[in-house]
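Visitor: Task: produce atomic coordinates for the following.
(chains A and B)
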There are 2 protein chains.
Amino acid sequence: MIAAKYKEMLGAKSVIRELSEYATARGKEIGYENVFDYSLGNPSVPAPEGFKNAMMRLLTESDPMAVHGYSPSLGIPSVKEKIAQSLNRRFGMDYTGNHIFMTSGAAGAIAHAVRCVTVPGDEVLTFAPFFPEYHPYIDLTGAKLKVVPADTEHFQVNFDCFGEMLTEKVMAVLINTPNNPSGTVYTKETLERLARMMSEKAEEYGHEIYLISDEPYREILFGGVEELYVSKFYDNTLSCYSYSKSLSIPGERIGYIAVNPACRDAETLVNMCGQISRGIGHNCPTSIIQLAVAEAVDETSDLSVYETNMNILYRELTGLGFTCVKPGGTFYIFPKALEEDAKVFCQKAKNYDLILVPGDSFGCPGFFRMAYCIDTEKVERSLPALRKFVETEYGLQ
Amino acid sequence: MIAAKYKEMLGAKSVIRELSEYATARGKEIGYENVFDYSLGNPSVPAPEGFKNAMMRLLTESDPMAVHGYSPSLGIPSVKEKIAQSLNRRFGMDYTGNHIFMTSGAAGAIAHAVRCVTVPGDEVLTFAPFFPEYHPYIDLTGAKLKVVPADTEHFQVNFDCFGEMLTEKVMAVLINTPNNPSGTVYTKETLERLARMMSEKAEEYGHEIYLISDEPYREILFGGVEELYVSKFYDNTLSCYSYSKSLSIPGERIGYIAVNPACRDAETLVNMCGQISRGIGHNCPTSIIQLAVAEAVDETSDLSVYETNMNILYRELTGLGFTCVKPGGTFYIFPKALEEDAKVFCQKAKNYDLILVPGDSFGCPGFFRMAYCIDTEKVERSLPALRKFVETEYGLQ
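Guide: Residues are numbered from 1 along each chain as shown, chains lettered A, B, ... in the order given. The predicted structure is shown next:
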């Protein structure tokens, strides 16, 4: 008989996807250029030339048997080594290729990391607001995702709630900084306090508590924000990375887990990932993309448009009276809605062809997300619509 | 705490991998060209020009945002449609794109198919000899793989044993034709009888029994063997395909599930695969490889070398007195060893730099596998070693 668990999931549609589909449909009526679609977190800048050139070289100059041949299940050794060296240069770590496990994006990385350090029934904590896909990512492993309520003032960590929820059943804590959807970046103080509490509780409970750090936005960091590498703060850290955003190649499904060399059983965990892959359909990314990424390991797309867009929107939103934490990175902003129910607020915004996503599914009702990975020209054209929406529906703030 | 289940798996090394590593090490001593390495099932011919050209066109002529952008979770619609049309043309099916779910190779396809039609505790039957990775593929879903003993005379199906083992607990039957490791192709009679028995038992038990057909070798078929499409024989069939062998791109991790339109809940099953993906780290293959494969959907590499190699080996092996079913496809042959314990037999062969894999891990002790996806020149050079091995160790047969 077919698996009821998955069949039942078909009923629940993703709010983000529904809004994106609405935007596409509305675009067919009035022209998509007139729909101010802030729904989807898709990169809006092309991949860097270095990545394209690497792909072309691999296709024209290399042995096709090597380029298209099987990758070892942990990833291609030379690729892993280049990634390790790049992380060491940039963040003062001491990884070797043996600490890197290649994955199909951050989704693949989290799928392996959670299976590595939990068994069914264990709890994994994350912090609101959070990426809604964490629920299927974690829950379908058999572990249970528990959400620590948001610190809505700064979108750092609500430590009071965290302290209460960090019980003996918690085997892993999943963080995401720079954060989707808030755009905030955890401060040094936040990471230090988080690490201290986790270490103390791990000691008290007599078992490790692993930190799974989801870092796809690591390189999208705005001026004045300190670049902090999570793994430097806590030994038992599994960094889950994706090149989707930094190289604008989300469809190429490539990323990795970097296990902190100071992590207990570090190399064993990497090897275990190879075993986990056998059970979930081999998440090892494609060989040619692994090889191409290794050539572009220190590059990024031109990411400056995101900061430009953020500044325009932040100025406009605060000018209109929105309460809003200024993003330190990503391509998201997460203001407070102008009425209690952000779903109603976002519904009204559709009348102005503004596609905004209510914060409810991010675990943070009353707020809304704007994904400003769109052309700056369109952001600017959206401002009159935003003003008209606020003034008409809520009066001048 | 780290997951003991995966940690324990680290102990058990794959026999094939160990032999392959031995061959590589031995190659460093005497030159790899002098090691007759029949261990690994890696394609030995390059990808067709059509595939390479499609990749180059995508990189140079298409919008990088489309080429490298997210694929929908079920796969890119235009790619799915092209695959459906190709299958319809070749096999007289009536698929639409809605019956196709794109996967990262056959491993990804099986990972989804099994989760679709079983729940933990259900049984999945397969037939010896079988690809040893089926054990982690199936067992790690929570379902139980049960192996029907081999029909060692023809490597078709041992129907007596199958009849006994096809109990009410069996929700799926997993077949692989053309078969790794035997190289045999199921006949029309085999497929008809298999389908009839499954239909009767499904009726008797009051639940569907799905046929999961693992078909990576579908296009490697030798002269005189009838090309049969499994799904034509049984409605509730999920065809699991990989382009690894037909296009010689095993590292690019691309394949699909084609759900027979006559299958109960066909489109629901495809949609369920999208949900399953969320829990196992999104097995959707990379966008650029999907798009390139769609351009090469009716092509294959030049696969003729495999038949050439098979004929040389079959003639030599039977001439030396081996009992051997003549392969109808793949790049494997699976003769009976010249002593009872094939592990001992293969161990002795190493002294002649012949790397043969004992049949034990394929569920068929007493036989051994040769993977002849190597250059014909090397196959020919291996014959004197094979003769010397047999004559020295076993006398003239």
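Visitor: got a pLDDT number for A:Pro120?
Guide: For A:Pro120, the pLDDT comes out at 95.
Visitor: Next, A:Met93: phi, psi?
Guide: phi -90, psi 180 (degrees, to the nearest 10).
Visitor: How many neighbouring residues does the closest residue to it other than its chain neighbours have?
Guide: The shortest distance from A:Met93 to any non-neighbouring residue, by CB to CB, 6 or more residues apart in numbering or on different chains, is to A:Leu87 (5.2 Å). C-beta: built from backbone N, CA, C; applies to glycine. Residues within reach of A:Leu87, counting by other CB atoms under 10 Å in any protein chain shown, total 22.
Visitor: Just list what whichever strand or helix holds A:Leu87 packs against, helices and strands only.
Guide: Assigned by DSSP states H and E, A:Leu87 belongs to helix A:77-91. Packing partners of helix A:77-91 (3 or more CB pairs under 8 Å, 6 or more residues apart in numbering or on different chains; DSSP states H and E): strand A:100-103, strand A:255-259, helix A:287-295.
Visitor: A:Lys201 - nearest residue in space that isn't next to it in sequence?
Guide: Nearest to A:Lys201 is A:Leu166, by CB to CB, 6+ apart, at 5.1 Å.
Visitor: what's the answer for A:Glu168, then?
Guide: Leaving out its chain neighbours, the residue that sits closest to A:Glu168 by CB to CB, 6+ apart is A:Tyr205, at 4.7 Å.
Visitor: Count the neighbours of that neighbour for me.
Guide: Neighbour tally, A:Tyr205, other CB under 10 Å: 15.
Visitor: that older thread, could you check how far the residue nearest to A:Lys201 is from chain B?
Guide: For A:Leu166, the distance to chain B (CB to the nearest CB, to the nearest Å) stands at 16 Å.
Visitor: Now the residue nearest the centre of chain A: closest residue in space, sequence neighbours ignored.
Guide: Residue closest to the average C-alpha location in chain A (CA atoms, centre = their mean): A:Pro216, at 4.8 Å. Among residues not flanking A:Pro216 along the chain, A:Ser242 sits closest, at 4.1 Å (CB to CB, 6+ apart).
Visitor: OK, contacts around the one you found?
Guide: Residues in contact with A:Ser242 (CB atoms under 8 Å, 6 or more residues apart in numbering or on different chains) are A:Gly105, A:Ala106, A:Ala107, A:Ala109, A:Glu215, A:Pro216, A:Pro250, A:Ile254, A:Gly255.
Visitor: Which of the residues you listed fall in strands?
Guide: A:Gly255 (DSSP state E).
Visitor: Of the contacts of A:Ser242, which belong to helices?
Guide: Judged by DSSP state H, helices contain the following of these: A:Gly105, A:Ala106, A:Ala107, A:Ala109.
Visitor: and of those residues, the nearest to B:Thr268?
Guide: A:Ala107 (23.1 Å; CB to CB).
Visitor: How much space separates A:Thr318 from chain B?
Guide: 31 Å.
Visitor: Which parts of the stretch 151-300 of chain A are strands?
Guide: Counting by DSSP state E, counting those that start in this stretch, residue ranges of the strands within the stretch 151-300 of chain A are A:170-175, A:210-214, A:237-242, A:255-259.
Visitor: and for the second one, what are the contacting residues?
Guide: Meaning strand A:210-214. A:106, A:109-110, A:113-114, A:116-117, A:124, A:131, A:171-177, A:194-195, A:198, A:230-231, A:234, A:236-240, A:263.
Visitor: just the helices in chain A please.
Guide: Counting by DSSP H, the helices of chain A are A:4-9, A:15-30, A:49-61, A:64-67, A:77-91, A:105-117, A:134-139, A:159-165, A:188-205, A:266-280, A:287-295, A:304-319, A:342-349, A:376-394.
Visitor: Out of those, the one nearest B:Thr318 is which?
Guide: For B:Thr318, the closest of these is helix A:64-67, at 30.9 Å, according to CB to CB.
Visitor: Using PDB, write down the CA coordinates of that closest one.
Guide: Provided in PDB are the C-alpha atoms of helix A:64-67 (Å, rounded to 0.1, in the frame of the first residue of the first chain):
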ATOM      1  CA  PRO A  64      35.200  12.800 -20.300                       C
ATOM      2  CA  MET A  65      35.600   9.600 -18.400                       C
ATOM      3  CA  ALA A  66      37.000  11.600 -15.400                       C
ATOM      4  CA  VAL A  67      34.700  14.500 -15.700                       C
END
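Visitor: Let's test this: mean pLDDT of it, rounded?
Guide: On average, helix A:64-67 scores 92.
Visitor: And for stretch A:133-145?
Guide: 96.
Visitor: is any part of it close to chain B?
Guide: Yes. Judged by CB under 8 Å from any CB of the partner chain, stretch A:133-145 and chain B are in contact via A:Glu133, A:Pro136, A:Tyr137, A:Asp139, A:Leu140, A:Thr141.
Visitor: Tell me the one of those nearest B:Val225?
Guide: The closest of the residues of stretch A:133-145 next to chain B to B:Val225 turns out to be A:Leu140 (CB to CB; 41.2 Å).
Visitor: mind listing what the closest one touches?
Guide: Applying CB under 8 Å, 6+ apart to A:Leu140 gives the contacts B:Arg278, B:Gly279, B:Ile280.
Visitor: Go again with 6 Å.
Guide: B:Gly279 (CB atoms under 6 Å, 6 or more residues apart in numbering or on different chains).
Visitor: And for A:Thr190?
Guide: So, once contact is read as CB under 6 Å, 6+ apart, A:Thr190 ends up touching A:Gln156, A:Val157.
Visitor: pLDDT below threshold where in chain A?
Guide: Applying pLDDT under 70 to chain A flags residues A:396-397.
Visitor: tell me the domain boundaries of it?
Guide: Following automatic domain parsing, one gets these domains for chain A: A:4-47+A:302-394, A:49-295.
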